[in-house]
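Asks: sequence and computational prediction follow.
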2 protein chains.
Amino acid sequence: MEGKEIFLQLIDLLRQGKIAEFKALSLECPPVDIAEGIDELDAQLTLRVFRLLPKDISADVFSYLSSDQQQVIAETASGLEMRHIIDDMFLDDTVDFLEEMPANLVTKVLQNASAQTRSLINQFLNYPENSAGSLMTIEYVSLHEYYTVRKAMDHIRRTGVEKETVYTCYVVDAQRKLLGTVSLRKLIVAPESATIRDIMESASVFAYTQEDQEKVAEDFRHYDLMSLPVCDQEMRLVGIITVDDIVDVIQEENTEDFEKMAAITPSDEEYLKSSVWTLAKHRVPWLLLLMISATFTGAIITHFEAILSAMVVLTSFIPMLMDTAGHAGAQTTTLIIRGMALGELDPSYLPQVLWKELRVALMCGCLLATVNFARLILVSHQTLLLSATVSLSILCTVVIAKMVGCLLPMAAKKIKLDPAVMAAPMITTIVDACALMIYFFLAIMFLGL
Amino acid sequence: MEGKEIFLQLIDLLRQGKIAEFKALSLECPPVDIAEGIDELDAQLTLRVFRLLPKDISADVFSYLSSDQQQVIAETASGLEMRHIIDDMFLDDTVDFLEEMPANLVTKVLQNASAQTRSLINQFLNYPENSAGSLMTIEYVSLHEYYTVRKAMDHIRRTGVEKETVYTCYVVDAQRKLLGTVSLRKLIVAPESATIRDIMESASVFAYTQEDQEKVAEDFRHYDLMSLPVCDQEMRLVGIITVDDIVDVIQEENTEDFEKMAAITPSDEEYLKSSVWTLAKHRVPWLLLLMISATFTGAIITHFEAILSAMVVLTSFIPMLMDTAGHAGAQTTTLIIRGMALGELDPSYLPQVLWKELRVALMCGCLLATVNFARLILVSHQTLLLSATVSLSILCTVVIAKMVGCLLPMAAKKIKLDPAVMAAPMITTIVDACALMIYFFLAIMFLGL
């Protein structure tokens, strides 16, 4: 990684006291790499490096820092220094920063912000977490439909430096209602005397402030967007969301789904930065719940204890049946949950999916049963009846596991529960119980126990 | 979804024979929604709708169609029609389309392309799947460093319409070596007489054609990029990758990881479009492998059969121990695999992670053991010794499961195997076996069996 190497050179220059060289080289290093470098430093060196950064990039670096390091800097910065940083940061980054800070620091920052910025920050802090409102920035270019292309270009040249993007401009009326969008690409090829009204496109895709970020990310993906306007209930434009923030949202949402499906309460924190206590807190409730629900499976065994006493060898097939059930169920559940997360599936497809999974289950189950039957007869030299019982149990188990594997997440979605939370961790316990019941039932039938 | 409704209106207009209205309205509908609508139609209606689309959008719609529908159209289109579509599509979309087509159609398309396009397509078809080369497009704006801003803007106005993005322009020398980038934002505020050399930035972030798309996506996320230049080994610029394609890559890579971790061979196809045979083929090898490896766990039970015969109640705790082991292991493995996929963790952190997980495991394990002990004594009225044996087994199981849960994926990564494939499906089998061995060992010690 080239950025990392430049940062190491920067620290070397600092150690040698070559401040001018430090400043010059820091402009060559991507701000995100400077921020990642600073994240590894102790508090004293952090402050020293940060203070020496040229003003042009310090706000940018600040917005990429971890909240621990942001706090170190914010605590020692003077009111004026803090104001410079806040003024140069985009509003969405300021809000992200303040959300993680203790109350006294938030007060300090707000005291030093201008009245207008303060009221904007307060408004942003009120949007629900993970909503479009919490993601958006207000640094966009707005145009009026009566502007000529020449006037629009002048406007962009004058105000564009502070905007998060100038490549899509938003056309609003006097009440700030969103009328349409016009791309900079279109502006530069249009005749200078044309009016915005003539060249703008309708803004058919937009988000409301309260909309969930998952839905917003889906729109970006579906329509290949670079930015998306955000409106309030009266269709007034209040901000825009840019694709760079969406890339992060997509990864966050995916991480959440991975965690939920592995029976972990999701967390925004990176693994290495999470305390042992936090990690344990996010895992133990699920382990506890699943442990207790597994006693139900144990109760099935207790119920059929007499059968196991009569034929102890039956016990040795329990792990294989439980594991196969769990894996077969997890395969289906994962595909269904993922399909729903990507918008390719929804509960209305249930009959279709059940029919498909039934056939897949029969194919997989028959092959597994056959291999298992051959192994029991030829390798383990078990009796024909016992081998048939175990193999038939496998077939039935795979079928049941795959049926439950599609029913569970789709039912959860239907009643508006999160399929990743409700279905994935529970599937093992449920199909384990099913597998054992089938096994004992078949053993009673075939082996006359 | 507004786009879907417009499409339904389009079909209505077609049924009523209102062709002019159809054409006018189709320009209002996002091409991706037209394509998704067409995907639901039969072959005859597909052809009819597609032929009536205005020329400006038909190539765009075509690039969003599923490959089945692309084939329907390509098979009946005349050579000239096909040439129009190919000429209007971006090269990366053409290559995606051709990769899915049967050989005779590829020949037909190539025959009708111009010699230059044909040679480009052939070059692109040779990049390995999932490499930067296979993702890139050649429709970018290149500038020379001696251009003035005025000349550069003229160049963009003249050629920009056919480019995938004009917002970042690439500065190359006479040998097409990449010298730097300049944003359109910078161009429009710069004085017209300035030269590109004065305002360009160095292109410190770029990809080589052979680089894996996962690495490319990581760069986009890390540096908040909108586009990335792609160079060959001699640093000659051969193409660019834009962020809209990366959003799809990120979702694909995540879907792959979900599938691998659920013991499914990854596939690019959507669930509903996959045949039963394909679905079974992607699942059965894993089920077979895991079923056979679970017989190892069964063998442990067979080995300790005498103990189970002597005290049948021990059997009823096996599901709880196995499930708890599996869940505790899966929690850790998932977090480690995800951390490595996001670049937050790598095998060099192993000691740190092991120490963290050990403490987490002790906290979780102690709580689970305590709850279980209380339940066995108070609810199930088991003996003190039996309750202690089971509870201690749970504690040890959780600790072992979490240790194996970090060792396995990190070891896989270290020896350059895919952690998602190697660790996630195998973890259950491995920790199940560990759990049973601990259980029997403690039973022998405490219960004198």
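Replies: Here it is on my side, so go on.

Asks: which residues does the closest residue to A:Glu99 other than its chain neighbours contact?
Replies: The spatial neighbour of A:Glu99 that comes closest, neighbours along the chain excluded (CB to CB, 6 or more residues apart in numbering or on different chains), is A:Leu125 at 7.0 Å. To be clear about C-beta, it is placed using only N, CA and C from the backbone, and glycine gets the same treatment. Residues near A:Leu125 by CB atoms under 8 Å, 6 or more residues apart in numbering or on different chains: A:Val95, A:Leu98, A:Glu99.

Asks: from these, pick the one nearest chain B.
Replies: A:Val95 (17.1 Å; CB to the nearest CB).

Asks: the closest one and A:Asn126, how far apart?
Replies: Per CB to CB, to the nearest Å, A:Val95 is found 10 Å from A:Asn126.

Asks: now for the longest helix along chain A, which elements pack on it?
Replies: Criterion DSSP state H: the longest helix present in chain A is helix A:384-414. Contact here means 3 or more CB pairs under 8 Å, 6 or more residues apart in numbering or on different chains; DSSP states H and E; on that basis helix A:384-414 packs against helix A:318-341, helix A:350-374, helix A:419-422, helix A:424-447.

Asks: chain center to the shortest one: distance?
Replies: Translated: helix A:419-422. 15 Å (CA atoms, centre = their mean, to the nearest Å).

Asks: do the same with the last one
Replies: Here the centre of mass of C-alpha atoms in helix A:424-447, compared against the chain's by CA atoms, centre = their mean, lies 35 Å away.

Asks: for the stretch 201-350 of chain A, just list every one of the helices.
Replies: Assigned by DSSP state H, counting those that start in this stretch, the stretch 201-350 of chain A shows helices spanning A:213-223, A:243-261, A:276-303, A:305-310, A:318-341, A:350-374.

Asks: so which of those helices is the most packed in?
Replies: helix A:318-341 (a mean of 27; mean count of other CB atoms under 10 Å in any protein chain shown).

Asks: that helix to helix B:424-447, inter-axis angle?
Replies: 140 degrees (axes from the mean of the first three to the mean of the last three CA atoms, to 10 degrees).

Asks: what residues does the stretch 1-150 of chain A have near chain B?
Replies: A:Glu2, A:Gly3, A:Glu28, A:Pro30, A:Val32 (CB under 8 Å from any CB of the partner chain).

Asks: can you tell me, leaving aside adjacent residues, what's nearest to A:Thr429?
Replies: Closest to A:Thr429 by CB to CB, 6+ apart is A:Ser293, at 4.7 Å.

Asks: my guess is the one you found meets A:Asp432, correct?
Replies: No - A:Ser293 lies out of contact with A:Asp432 (CB atoms under 8 Å); the separation is 9.6 Å.

Asks: related to what we said a few turns ago, now that we have the contacts of A:Leu125, which of them are buried?
Replies: When the contacts of A:Leu125 are checked for burial by 16 or more other CB atoms under 10 Å in any protein chain shown, the buried set is A:Val95, A:Leu98.

Asks: mind putting the contacts of A:Leu125 in TSV, secondary structure and pLDDT included?
Replies: Conversion of these to TSV gives the following (DSSP: H, G, I helix; E, B strand; the rest coil; pLDDT from 0 to 100):
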residue	secondary structure	pLDDT
A:Val95	helix	83
A:Leu98	helix	83
A:Glu99	helix	81
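
Asks: quick one on the thing from earlier: let's have the helices and strands packed on helix A:384-414 in CSV, adding mean pLDDT and distance to A:Thr107.
Replies: Shown next, in CSV, are the helices and strands packed on helix A:384-414 (pLDDT from 0 to 100; distance: least, CB to CB, whole Å):
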stretch, mean pLDDT, distance to A:Thr107
helix A:318-341, 91, 40
helix A:350-374, 94, 53
helix A:419-422, 84, 37
helix A:424-447, 90, 41
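
Asks: to A:Glu256, which of those helices lies closest?
Replies: Closest to A:Glu256 of these, according to CB to CB: helix A:419-422, at 7.7 Å.

Asks: counting by contacts, list what the closest one packs against.
Replies: By 3+ CB pairs under 8 Å, 6+ apart, helix A:419-422 packs against helix A:243-261, helix A:318-341, helix A:384-414.

Asks: follow-up on the earlier one: average pLDDT for the longest helix of chain A, rounded please.
Replies: Helix A:384-414 carries an average pLDDT of 94.

Asks: thinking in terms of the whole chain, how far from its middle is it?
Replies: 31 Å.

Asks: ok and it relative to helix A:424-447, angle-wise?
Replies: 150 degrees.
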